[in-house]
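1. Got a sequence here, can you build the structure:
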Amino acid sequence: MSVCLHPNILKNAKQTMKRTIHLVFLTLAAVLLSCPLRAQDSVHVTLQKAIEIALSENPTVKIADRTIEAKKYYKSEQIAALFPTLTGTGSYQRTVKKQTMVMEMFGQVNEIEVGTSNNVSAGLSLSLPLVAAPTWYNLKLSQLDVEAAVESARSSRISLINEIKKAYYGLLFAQDSYRVLQVTYANAEFTAKNINDKYEQGLASDFDKLRADVQVKNQKPQLTAAESSIYLASMMLKVLIGVDVNEPIIFDGQLSDFEEEMNNYVIADAQSVSLAANSELRQLELSQEQLNTSLKLVKASACPTLAFSGNAQYSAMSNDFNFTWFPYAVVGLSLNVPILSWVGTSYKIKQSKISISNLEEQKKYVENNLRVSVNNSLSNMRNAIADMASNKETMIQAEAAYNIVKKQFDVGMATWLDLNSAELALTQSRLLYHQSIYNFLSAKSELEAVTGAEK
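-> As a prediction, the model looks like this:
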């Protein structure tokens, strides 16, 4: 008995078998390709994630936090000066040779040995400052030191965030420039291949072939330099966030992602920008408070101080070790009144006042410079927004012009020089487009650092 199958059935079976085999090969290829990738999995990091890592891993931030901790310990030390001081004492003395006293009584000279062979004493001493203005101002200075350390740490974080942002934007700019040059290089290779094909068919001259080959070779060094820029920018960013430079990290994003932010950003008036949160001005204000407190400390050092003191003691004296203990206790007040210290204090006061005046002048100078920096950042942002809009329009026109010239070149209606000029204009417009976004982001980062933004 024989079975005859329809040709269509055999054809469908063969096609199904081919698809199955093809699917199996694709699955095996995917498995094989995924094996080395798993061994070198890269971590994707955004800008905000990079800032978070830096604020927890960067050595500068860690050092600043330890400085704050040390200042707090010093403040606690100053607070302890206001507490009572209790001291325990104890002593033992063995008399090697007793002291001799000579007394004349009734015409006779008598020699008497004074003291005992063993002398033992033990006691407690208590001291408590009641009125001590210098100690109070030292405590105030310690508190200002802690606040200055906190502000200095905040300044370090703001500066670090600014550096990370600019490094991140610089890396994105390097990556975007590399992609633009890659497209330009691919176009140059395609054009060179097209001209070589025409040359083999006798439709292009030796000069056209030579120019096309030279154009490809000229693009290669620019591509290599752009690739090196990406590598260096990535290493610098890894150093800033505090990770190993060999960590397989991929920094996500591209500059075009920020185009919408630029379009929606409202440029504020320079005079309306507040500098109240600027870290440099805050540190100067804290320094001013420290100088004012130091001036009060100088004046207080010439004021009287009052302290309470107490002493309780047990003592025993014996020629053998059969002691009889005798208690002794006393309490009192100690008043210390400087009499001639105001002569030197007056000169210290004059020095402190001069330092305060100098700091006020410095604060005004810094504030004026910060205002200039704010104006400069706002101007750069305003120019970058205008440049981006213009460069984007130019880029669209350059792309359209390049496509037209390329089609004309393919049919022989345009020369290689026309194509090269159109391609050069397209490359420049793309680079300028990304440059304008980078300029905006850098200026915005500088403005945020000046205004003391912590984000």
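2. Every contact and neighbour count from this point should use C-alpha atoms.
-> Noted.
3. Against Ser318, how distant is Val96?
-> Val96 sits 13 Å away from Ser318 when distances are taken as Cα to Cα, to the nearest Å.
4. If you count contacts, what does the helix or strand containing Gln408 end up packed against?
-> Using DSSP states H and E, Gln408 falls within helix 342-410. Contacts defined by 3 or more Cα pairs under 8 Å, 6 or more residues apart in numbering; DSSP states H and E place helix 342-410 against helix 279-300, helix 416-450.
5. ok, and what's touching the following helix or strand past the shortest one?
-> Looking back up the chat, that one is helix 279-300. Moving toward the C-terminus from helix 279-300, the next helix or strand (DSSP H and E) is strand 305-318. Strand 305-318 has contacts (Cα atoms under 8 Å, 6 or more residues apart in numbering) with 115-133, 323-337.
6. Same check on stretch 356-373?
-> Outside stretch 356-373, the residues touching it (Cα under 8 Å, 6+ apart) are 270, 281, 284, 288, 291-292, 447, 450.
7. Would you reformat those residues as CSV and include distance to Met381 and pLDDT?
-> What follows is those, written out as CSV (distance: Cα to Cα, whole Å; pLDDT from 0 to 100):
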residue, distance to Met381, pLDDT
Ala270, 12, 83
Leu281, 24, 93
Leu284, 28, 93
Gln288, 34, 92
Leu291, 39, 92
Asn292, 40, 92
Leu447, 9, 93
Val450, 14, 93
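8. how many neighbours does the closest residue in space to Asp213 that isn't next to it in sequence have?
-> Distances taken as Cα to Cα, 6 or more residues apart in numbering place Ala192 nearest to Asp213, at 6.0 Å, with adjacent residues excluded. Using other Cα atoms under 10 Å, Ala192 has 22 other residues around it.
9. who are the neighbours in contact with Ala192?
-> Ala192 touches 209, 212-213, 216, counting by Cα under 8 Å, 6+ apart.
10. mind listing the strands in the stretch 51-200 of the chain by residue range?
-> 85-94, 99-105, 108-114, 118-131 (DSSP state E, counting those that start in this stretch).
11. Count the residues that sit near Tyr347.
-> 11.
12. Any regions of this protein where pLDDT drops low?
-> 1-41 (pLDDT under 70).
13. Could you chop it up by domain?
-> 42-82+132-303+341-450, 88-129+307-337 (automatic domain parsing).
14. gap between the two ends of the last one?
-> It refers to domain 88-129+307-337. 28 Å.
15. do the same with the longest one
-> Taking Cα to Cα, the span from the opening residue of domain 42-82+132-303+341-450 to its closing residue is 35 Å.
16. As JSON lines, the strands of the stretch 51-200 of the chain with mean neighbour count and distance to Ala443 would be great.
-> Shown next, in JSON lines, are these (neighbours: other Cα atoms under 10 Å; distance: least, Cα to Cα, whole Å):
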{"stretch": "strand 85-94", "mean neighbour count": "12", "distance to Ala443": "57"}
{"stretch": "strand 99-105", "mean neighbour count": "10", "distance to Ala443": "88"}
{"stretch": "strand 108-114", "mean neighbour count": "10", "distance to Ala443": "90"}
{"stretch": "strand 118-131", "mean neighbour count": "17", "distance to Ala443": "55"}
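17. got a markdown table for the ones you listed, with distance to Leu203 too?
-> Output for the strands of the stretch 51-200 of the chain, formatted as a markdown table (distance: least, Cα to Cα, whole Å):
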| stretch | distance to Leu203 |
| --- | --- |
| strand 85-94 | 104 |
| strand 99-105 | 131 |
| strand 108-114 | 133 |
| strand 118-131 | 105 |
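18. Looking at those, spot the one closest to Thr224.
-> strand 85-94 (72.4 Å; Cα to Cα).
19. Point out the other helices and strands that the closest one packs with.
-> By 3+ Cα pairs under 8 Å, 6+ apart, strand 85-94 packs against strand 118-131.
20. which residues are contacting the strand it packs on?
-> 82-95, 304-321.
21. who does it pair up with?
-> Strand 118-131 sits in its sheet next to strand 85-94 (antiparallel), strand 305-318 (antiparallel), going by DSSP bridges.
22. Distance to Ser436 added to those strands, as JSON lines?
-> Shown next, in JSON lines, are the strands paired with strand 118-131 (distance: least, Cα to Cα, whole Å):
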{"stretch": "strand 85-94", "distance to Ser436": "67"}
{"stretch": "strand 305-318", "distance to Ser436": "67"}
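23. so which of the strands of the stretch 51-200 of the chain comes closest to Ser229?
-> Closest among those, using Cα to Cα: strand 85-94, at 64.3 Å.
24. Now find how far off-centre that closest one is within its chain.
-> Mean-position distance between strand 85-94 and its chain equals 53 Å (Cα atoms, centre = their mean, to the nearest Å).
25. Based on its surroundings, how many neighbours for the closest residue to Ile349 other than its chain neighbours?
-> The shortest distance from Ile349 to any non-neighbouring residue, by Cα to Cα, 6+ apart, is to Leu295 (6.2 Å). By other Cα under 10 Å, 19 other residues sit near Leu295.
26. give the contact list for Leu295.
-> 349, 352-353.
27. List only buried entries from the residues you listed.
-> Buried members of the contacts of Leu295, scored by 16 or more other Cα atoms under 10 Å, are 349, 352.
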